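Colleague: next comes the sequence, and after it the predicted model I'd like to discuss.
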Amino acid sequence: MTATNRKKTLLLGAISNYGALFLSIIVGLISVPLGLNYFGPIRYGVWCVIMSILAYLRISDFGVGLSTLTLMAQAHNPASQRVILRNSIGLLSGISFVFIVLILFTSRLFPGWVGILGKVPLGVQGEAERATLAIGILVLLQLPTTIFAAAFSGLQQVYWNRVYRALGVIATLGALVATVLVSGNLVTLAVFTGLGGLLVGIVTGLHLFLVHPYVRPRITEKVADAPSMGILFTSGIRFLTLQIAVLIIMNTDNLVISHYLGAEKVTPYAVTFKFFWMALVMVNAVTGVLWPMYGKASGQGDWDWIQRTYNSCVSMLIIGGGLVWIVGIIFSQAIINLWAGSVAYGGLVTAFALGGYVFISSFGGSNHSLINGLNPTNIVVVFGLIEAVLNLVISLLLVKPLGIGGVALGTFIASLAVNTWFPPLYIRCRTQKKVNLELKPILIHSLIVMTCVIFALFMVLYLSAWLRFVLGIVISLVYLALSWRVMPDNLQNLIKKGIFNLQVVRALFSDKGETT
């Protein structure tokens, strides 16, 4: 990939990524209060739990979609890409059929299966059961179409992936609005949501084959060096296991809370988590663009570019993650109360823990993006599962004494225990020391973040709302000033010239690595 193509790919990917994320935030700002006010805390909490169950169902692709993305990025000719795409669609179609049959069979054989949703009130159980079945079947029908968005990313057109992700978000909001307009219930919302996602998937496929006719699968085509279904599946299993680990971290919290504290307690945790999650995806947005670029560069042996890009991203993203942690502790209660009402705030312990999770994840985002581009090995899977198990165990231990704050602490502590050291060490070993993390600025910045976090906690606990507001702005500005002081000189120069300026992108990501 030439320097010009890299710059174009990065710019278009970053613009589309941030555009899709801004849209997601806007949709979240509308959908959370709309859904909470329409369904009430109990039904809305049940819907959040259904979405958590659904997240597990989405990984029934066995990681084939993510494997397809990486393998298509590394493929050197269109024929190989066609075979990869054909095999992937075939695998997902078969998986979809099998899982639909299993769901229908299981729902008949075990009529009390709705208990997996936790402590759902009797008056809502039937509605929750029908809604879960409806959206589950529709999501499985959508499964083969998810490969098309992955193919766009593998072809270095991440921006189209993000465009259709944005359309999916709009479809979700449309489903909620339509449900409210027709005075529907959770079943109505499930059907509208599932149909909207299926439609977006079909349109994505039509677009892919229209603009890239050379990747249209040919039934009988064979290519000697193209990955077989077995390779796709084996590589996919690694991604699947990592997805499961992420899902345990991201979605099991709602299930633990529902089972131990009741469905109504899911709402404040889910809304507070969504607040911090929206901030995290904004901070880590560029990592999704870099994933296929890392895959392409590693296939070409361009380790110098990977080294520069990797360290630049780590240095920039942790600044954003630290700011989210500090601002989240001080201002999240006021923002969430204004956004969704006081019933939706999860408390100071939850805000502290989820803010810390965002900070660790802002560091881990750059690491995991590069690891995915290299195609993860079994040891990555092992440590992903270790983090997931730690998260679940700590959450179960702390949920009774600390409530939802204990569940949030489980997420933070597990990430802290694994993601602060393993990913950069793995990258160093996997690349045979060609890519190394510049550790000193990371450690200095972490010390700054922790100092500001301690001050932020003191302010929330002991100062009035007015003083907290004023000093919160001051401490945020002080944090940014100190972060600037410890930032590497080359990044300071780039930011001075404007981070979104084409010359900045050229300096940061060009093959020569010059600073203009």
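Modeller: Alright, I've got the coordinates.
Colleague: where does pLDDT dip in the protein?
Modeller: 1-14, 17, 58-60, 62, 76, 223-251, 376-377, 494-516 (pLDDT under 70).
Colleague: residue furthest from the geometric center of it?
Modeller: Note on the chain: the largest C-alpha distance from the chain mean falls to residue 220, namely 36.5 Å (CA atoms, centre = their mean).
Colleague: give me the phi and psi for it.
Modeller: The phi/psi pair for residue 220 (degrees, to the nearest 10) reads phi -100, psi 0.
Colleague: for residue 171, see how far away it is.
Modeller: 36 Å (CB to CB, to the nearest Å). For every residue, glycine as well, the C-beta is placed using N, CA and C.
Colleague: could you do residue 313 as well?
Modeller: 31 Å.
Colleague: right, and residue 455 touches residue 474 too?
Modeller: No - the criterion here is CB atoms under 8 Å, and residue 455 misses it with residue 474 at 9.8 Å.
Colleague: these two: which is more packed in?
Modeller: residue 455 (19 against 11; other CB atoms under 10 Å).
Colleague: please, which helix or strand holds that one?
Modeller: helix 439-462 (DSSP states H and E).
Colleague: could you say what helices and strands that helix packs with?
Modeller: Counting contacts by 3 or more CB pairs under 8 Å, 6 or more residues apart in numbering; DSSP states H and E, helix 439-462 packs against helix 303-340, helix 348-374, helix 465-486.
Colleague: can you give the distance of the longest one from its chain's centre?
Modeller: Between the centre of helix 303-340 and the centre of its chain there are 14 Å (CA atoms, centre = their mean, to the nearest Å).
Colleague: quick one, it and helix 348-374 angle?
Modeller: Here the directions of helix 303-340 and helix 348-374 differ by 150 degrees (axes from the mean of the first three to the mean of the last three CA atoms, to 10 degrees).
Colleague: same check, this time on the last one
Modeller: Angle, helix 465-486 to helix 348-374, by the same axes, to 10 degrees: 30 degrees.
Colleague: any idea which helix is longest in this structure?
Modeller: Longest helix of the chain, by residue count under DSSP state H: helix 3-58.
Colleague: which strands or helices does that helix pack on?
Modeller: Helix 3-58 packs on helix 122-142, helix 158-181, helix 186-211, helix 229-260, helix 266-283, helix 285-300, helix 303-340, helix 502-509, going by 3+ CB pairs under 8 Å, 6+ apart.
Colleague: what helices or strands is the longest one leaning on?
Modeller: Taking 3+ CB pairs under 8 Å, 6+ apart as contact, the helices and strands that helix 303-340 lies on are helix 3-58, helix 266-283, helix 285-300, helix 348-374, helix 439-462, helix 465-486, helix 489-496, helix 502-509.
Colleague: what would these look like in CSV with distance to residue 87?
Modeller: Listed next are those as CSV, based on distance: least, CB to CB, whole Å:
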stretch, distance to residue 87
helix 3-58, 20
helix 266-283, 31
helix 285-300, 18
helix 348-374, 20
helix 439-462, 41
helix 465-486, 46
helix 489-496, 42
helix 502-509, 32
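Colleague: what about those, which gets the closest to residue 135?
Modeller: helix 3-58 (6.1 Å; CB to CB).
Colleague: ok, the closest residue to residue 386 other than its chain neighbours to residue 388 distance?
Modeller: Once flanking residues are discounted, residue 386 sits nearest to residue 418: 6.0 Å by CB to CB, 6 or more residues apart in numbering. From residue 418 over to residue 388 the distance is 9 Å, taken as CB to CB.
Colleague: likewise residue 331?
Modeller: Residue 331 sits 30 Å away from residue 388, going by CB to CB.
Colleague: the two: who's more crowded?
Modeller: Remark: of residue 331 and residue 388, residue 388 carries more neighbours, 22 against 18, as counted by other CB under 10 Å.
Colleague: contacts only, for residue 317.
Modeller: 283-284, 286-287, 362-363, 365-366 (CB atoms under 8 Å, 6 or more residues apart in numbering).
Colleague: what do you get for residue 404?
Modeller: 257, 261, 265, 268-269, 346-347, 350 are the contacts of residue 404 under CB under 8 Å, 6+ apart.
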